[in-house]
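J.: One predicted model, sequence on top.
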Amino acid sequence: MTGTLNLVGYGLSAIGPAIATGMIFAAYISGVARQPEARSVLQPIAFLGFALAEALALFGLVLAFVL
Amino acid sequence: MRSLFRLSGEGEGFVPPSSNDFELPPVFGDNAFTTKPILLVFLSVILVSVFFLLSSRKAAVVPSKLQFAGESIYSFVRNDLGRDIIGHEFMRFVPYLFTLFTFVLTNNIFGIVPFLQFPTMSRVSFPYVLAVFTFVVFHYVGIRKQGIVKYLKDIMFMPGVPKPVYILLTPIELATFFLVRPLTLSLRLFANMFAGHLLLLVFILGGEHLFQGVLGLKLISPFAFAFGIGLTFFEFMVQCLQAYIFTLLTALYIAGALADEH
């Protein structure tokens, strides 16, 4: 069996952004559930936070292929 | 019992799909400019143009079905992505956002259209170009609105922060605006399309490989195919979501550049 350990490392490093993304959307959902009219205010913030958290996972993906 | 589940009788192993599957040969002759992704980009431009020309040609107060479809997409981009995020100056940016959304969406959905079945954005150069457009647009807008000195000063020295923190904050903010934003914008789209296409290849090719095996494996292969079909629907969701996120982030960056205080 052949392969590269990079991908295992990437899998481990993706745990952090995964938890972060989950927490961001959990907060977004509970915010909207408590106050439905706040949806349009919260949505851009939630997606911006999601984009920032996912950026880390994307860096990991790039490094897994590059290194 | 073991012979029922042994992998294919001749002993040749399963070759898992890899990034080599994205290097497609030219369609016509030896010309490097007619590979499948490039032809798909041209096709998407034609499709989008024809669809929206047809749907807006005979615009009436009581819309036809085609006009309704076209106008739903337009009003979604204008209201949900333009007006709600950019604010009162949004009309200037609606053409760009709308073009971006429809172009990315069409190219993504090519990934699950039978016979085309290749998401153009899984070749990284196309998202790079789109991200460069967005990069130029939001910096240009910010510089035009606030002047280059004030714009850069707002990026580098965020107001309302204690002075020593700038040692840490300034490099991070500079990297965010000039490196991280365009890179992640393009890589997010690329990575999602790449991974999605690879996922579909694994299940469909794996199912086909199982089907060539002995009897026990033939019985398993329908499950692989069924999973492949299920994942195709999942991919459809991801493709729409990625087109939405790409446009949403573009709108957010433009809104950030337009705002007086970051």
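T.: Here it is on my side, so go on. Numbers count the residues shown, from 1 in each chain, chains lettered A, B, ... in the order given.
J.: okay, now B:Arg92: neighbour count?
T.: 12 (other C-beta atoms under 10 Å in any protein chain shown). Every C-beta, even on glycine, is put in place using the N, C-alpha and C of the backbone.
J.: Tell me the spacing between it and B:Ile254.
T.: 9 Å (C-beta to C-beta, to the nearest Å).
J.: Need the phi and psi values for the one residue sitting closest to the centre of chain B.
T.: In chain B, the C-alpha nearest the mean C-alpha coordinate belongs to B:Leu189, at 4.0 Å (C-alpha atoms, centre = their mean). Main-chain dihedrals, B:Leu189, degrees, to the nearest 10: phi -60, psi -50.
J.: thought it was touching B:Leu241?
T.: No. Using C-beta atoms under 8 Å, B:Leu189 is not in contact with B:Leu241; the gap is 10.7 Å.
J.: still on that earlier bit, name the nearest residue to the residue nearest to the centre of chain B, sequence neighbours excluded.
T.: If the residues on either side of it in the chain are set aside, B:Leu189 comes closest to B:Pro127, at 4.5 Å by C-beta to C-beta, 6 or more residues apart in numbering or on different chains.
J.: Can you give me the buried ones in the stretch of helix or strand B:Gly70 belongs to?
T.: Using DSSP states H and E, the element containing B:Gly70 is helix B:65-75. Within helix B:65-75, the residues scored as buried using 16 or more other C-beta atoms under 10 Å in any protein chain shown are B:Gln67, B:Gly70, B:Glu71, B:Ile73, B:Tyr74.
J.: So which bits of chain A are right by chain B?
T.: Taking C-beta under 8 Å from any C-beta of the partner chain as the contact definition, chain A meets chain B at A:Ser40, A:Gln43, A:Pro44, A:Phe47, A:Leu48, A:Ala51, A:Glu54, A:Ala55, A:Leu58, A:Leu61, A:Val62, A:Phe65.
J.: pLDDT at whatever residue of the stretch 151-262 of chain B ends up closest to chain A, what is it?
T.: The stretch 151-262 of chain B approaches chain A most closely through B:Thr184 (4.2 Å), counting by C-beta to the nearest C-beta. The per-residue pLDDT reported for B:Thr184 equals 89.
J.: quick one: which helix or strand includes it?
T.: With DSSP H and E as the criterion, B:Thr184 is inside helix B:181-211.
J.: mind listing what's buried in that helix?
T.: For helix B:181-211, a neighbour-count test (16+ other C-beta under 10 Å) marks B:181-194, B:196-207, B:209-211 as buried.
J.: got CSV for the buried residues of helix B:65-75, with pLDDT and distance to B:Phe233 too?
T.: Converted to CSV, the buried residues of helix B:65-75 look like this (pLDDT from 0 to 100; distance: C-beta to C-beta, whole Å):
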residue, pLDDT, distance to B:Phe233
B:Gln67, 90, 28
B:Gly70, 91, 25
B:Glu71, 91, 26
B:Ile73, 93, 21
B:Tyr74, 93, 26
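J.: Spatially, which two of the residues you listed are the most separated?
T.: B:Gln67 and B:Ile73 (11.2 Å; C-beta to C-beta).
J.: Just give the number of residues close to B:Leu40.
T.: Neighbour number of B:Leu40 under other C-beta under 10 Å is 23.
J.: how close does it get to B:Ala224?
T.: 27 Å.
J.: which ones are touching residue 39?
T.: All of this refers to chain A. A:Val32 (C-beta atoms under 8 Å, 6 or more residues apart in numbering or on different chains).
J.: wrong one, chain B
T.: B:Leu39 touches B:Val27, counting by C-beta under 8 Å, 6+ apart.
J.: Looking at chain A, which residue is nearest chain B?
T.: As assessed by C-beta to the nearest C-beta, chain B sits closest to A:Ala55 within chain A, at 4.2 Å.
J.: Let me see the contact set for the closest residue in space to that residue that isn't next to it in sequence.
T.: The shortest distance from A:Ala55 to any non-neighbouring residue, by C-beta to C-beta, 6+ apart, is to B:Thr184 (4.2 Å). For B:Thr184, the contact set (C-beta under 8 Å, 6+ apart) comprises A:Ala51, A:Glu54, A:Ala55, A:Leu58.
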